[in-house]
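*Asks:* Need a 3D model of the sequence below.
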Amino acid sequence: YFKHVLPVIGRIVNRNKTSAYNYLPESVGQFPAYEQLADWMREAGLSKVDFRPLTFGIATMYVGVK
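*Replies:* A predicted model of the protein is given here:
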């Protein structure tokens, strides 16, 4: 979906011939997994770190207390 369908839809919707949405799959693929980002938040000094995947994992809410 990310590599083939989304770039085509992005070009159609935005009438853009330059593949502006090709960066998205790579960007998402490089984002840290749930627990890894939560660990980084703890290492940064946050407490009560929690995360909750939303919309079937399309988005995730991360919460931490400073």
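*Asks:* Name the secondary structure element that contains the closest residue to Trp40 other than its chain neighbours.
*Replies:* Of all residues not flanking Trp40 in the chain, Pro32 sits nearest, at 6.9 Å (Cβ to Cβ, 6 or more residues apart in numbering). Glycine gets a C-beta too; all of them are placed from N, C-alpha and C. Assigned by DSSP states H and E, Pro32 falls within no helix or strand.
*Asks:* number of nearby residues for Val49?
*Replies:* 18 (other Cβ atoms under 10 Å).
*Asks:* which SS state does Gly64 fall under?
*Replies:* Under DSSP: H, G, I helix; E, B strand; the rest coil, Gly64 falls in the strand class.
*Asks:* Sorry, slip of the keys, the one I care about is Gly45.
*Replies:* coil.
*Asks:* got the contact list for it?
*Replies:* Lys66 (Cβ atoms under 8 Å, 6 or more residues apart in numbering).
*Asks:* What separation do you get for it and Val63?
*Replies:* 15 Å (Cβ to Cβ, to the nearest Å).
*Asks:* what do you get for Leu37?
*Replies:* 12 Å.
*Asks:* Equivalent analysis for Thr55, please.
*Replies:* Distance of Thr55 to Val63, given as Cβ to Cβ: 17 Å.
*Asks:* Name the residue in the two with the higher neighbour count.
*Replies:* The residue with more neighbours, out of Thr55 and Val63 and counting by other Cβ under 10 Å, is Val63; that gives 12 against 7.
*Asks:* What residues are bridge-paired with that one?
*Replies:* Per DSSP bridges, the residues bridged to Val63 are Asp50.
*Asks:* so it touches Phe51, yeah?
*Replies:* Yes: at 7.3 Å, Val63 counts as touching Phe51 under the criterion of Cβ atoms under 8 Å.
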